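Colleague: Sequence plus predicted model, see below.
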Amino acid sequence: MSVPVEVSLAAVRAELVAAADYAAAAGLQIDADPVAGDEPRFYVTLVNRDSEQFCAEFNCAEYPMFPPNVEFVSPDRSEKGTARLYPQGFHTTPCVCMRYNRKAYGERGGPHSDWRLLDWRLPTGNGVGIDSLALMISDLHSKILQSSGRMA
Amino acid sequence: MSGNKTSTSVGHSGPEDKGHAIIHLRVQTPRGIWTMTEPVDAVKRPEYSPSAKIEQVIEDARTVFKFVEQDSKYTLLRGSEILEPQRTLVSYKIEDNTLLVLSVQGGNA
């Protein structure tokens, strides 16, 4: 089963309104140019406590049935998913090990073979269910703001 | 509209409040912004005495947006500055109409 790109684009565009409000208040930069160009993908630049910048790519193909693939990329986006692009504090695969990240699932090569993609909105432990793009950005923002240094 | 009566969150006042006005805040959360007018059905409004603690603002914002989960981490920020829960608004020199951010961290896998 797949989700037409038009459906994913509509969902992402609708949710980006709230996500952009949150990002603006938090001083985070969102690059949604690909969404304007009909690709369900956007970027958020986050900062750790040492003021180092990290660029997260949200590839929302097949969203909202499946969660985005969240990956750290280089500022020019030519490099993707290497440990030196990750902040400290994440799974050393490397991976953002949360249900909202498609990469974390065993069926996509990630460490969590105990999770099902269709259940991606469920909470991890007894925490808040991260079920929107704004909450995903907030979760990353909170974790990175309190971290120091790079994974490698 | 929920029909719930909106209350304020002025909190305790102390000696340091003398001569100070009530502080009205704007709090951006991942579920929307909390102001004196938004969301329209909010059960509380973000107006506080200067001696109110940061933890009270966090608690009230969680109530308004129904962040009931205890195992998540809730942090109040001014820009990129993390505000300590036990400190007061006046200790940060937070002024009327200041925009704060409630960041919400999910559980860890």
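Modeller: Here it is on my side, so go on. Numbers count the residues shown, from 1 in each chain, chains lettered A, B, ... in the order given.

Colleague: Show me the strands in chain A, by range?
Modeller: Along chain A, the stretches classed as strands by DSSP state E are A:29-31, A:41-47, A:53-59, A:69-73.

Colleague: and the second one, what does it pack onto?
Modeller: Contact partners of strand A:41-47 among helices and strands, from 3 or more CB pairs under 8 Å, 6 or more residues apart in numbering or on different chains; DSSP states H and E: helix A:5-26, strand A:29-31, helix A:33-36, strand A:53-59, helix A:133-145. The C-beta positions use only the backbone N, C-alpha and C, and glycine is treated the same way.

Colleague: and the one residue in chain B that gets nearest to chain A, what is it in contact with?
Modeller: Of all residues in chain B, the one sitting closest to chain A is B:G107 (2.9 Å; CB to the nearest CB). Taking CB atoms under 8 Å, 6 or more residues apart in numbering or on different chains as the contact definition, B:G107 lies against A:123-128, B:71-72.

Colleague: can you list those in a markdown table and add pLDDT?
Modeller: As requested, the contacts of B:G107 are arranged in a markdown table below (pLDDT from 0 to 100):
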| residue | pLDDT |
| --- | --- |
| A:P123 | 88 |
| A:T124 | 79 |
| A:G125 | 75 |
| A:N126 | 77 |
| A:G127 | 85 |
| A:V128 | 92 |
| B:D71 | 79 |
| B:S72 | 86 |
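
Colleague: Let me know the closest of those to A:Q88.
Modeller: The shortest distance between A:Q88 and any of these, using CB to CB, involves A:T124 and amounts to 19.3 Å.

Colleague: distance of that closest one from A:R49?
Modeller: Between A:T124 and A:R49 the distance, using CB to CB, to the nearest Å, works out to 23 Å.

Colleague: what do you get for A:R13?
Modeller: Taking CB to CB as the measure, A:R13 and A:R49 are separated by 32 Å.

Colleague: Skipping its backbone neighbours, what lies nearest the spatially most central residue of chain A in space?
Modeller: Among the residues of chain A, the smallest C-alpha distance to the mean C-alpha position (CA atoms, centre = their mean) belongs to A:V70, namely 3.6 Å. The shortest distance from A:V70 to any non-neighbouring residue, by CB to CB, 6 or more residues apart in numbering or on different chains, is to A:N101 (4.3 Å).

Colleague: A:S113 now?
Modeller: Leaving out its chain neighbours, A:S113 is closest to A:G106 (CB to CB, 6+ apart), at 2.9 Å.

Colleague: again, but for B:R62
Modeller: Distances taken as CB to CB, 6+ apart place B:Y74 nearest to B:R62, at 6.1 Å, with adjacent residues excluded.

Colleague: ok, B:A52 touching B:S91?
Modeller: No - the criterion here is CB atoms under 8 Å, and B:A52 misses it with B:S91 at 10.7 Å.

Colleague: Can you report how many residues lie near the closest residue to chain B within chain A?
Modeller: Using CB to the nearest CB, the single residue of chain A nearest to chain B is A:G127, 2.9 Å away. Other residues within reach of A:G127 by the criterion other CB atoms under 10 Å in any protein chain shown amount to 19.

Colleague: cool, and A:L135?
Modeller: The tally of other residues near A:L135 (other CB under 10 Å) stands at 25.

Colleague: Noted, bye for now.
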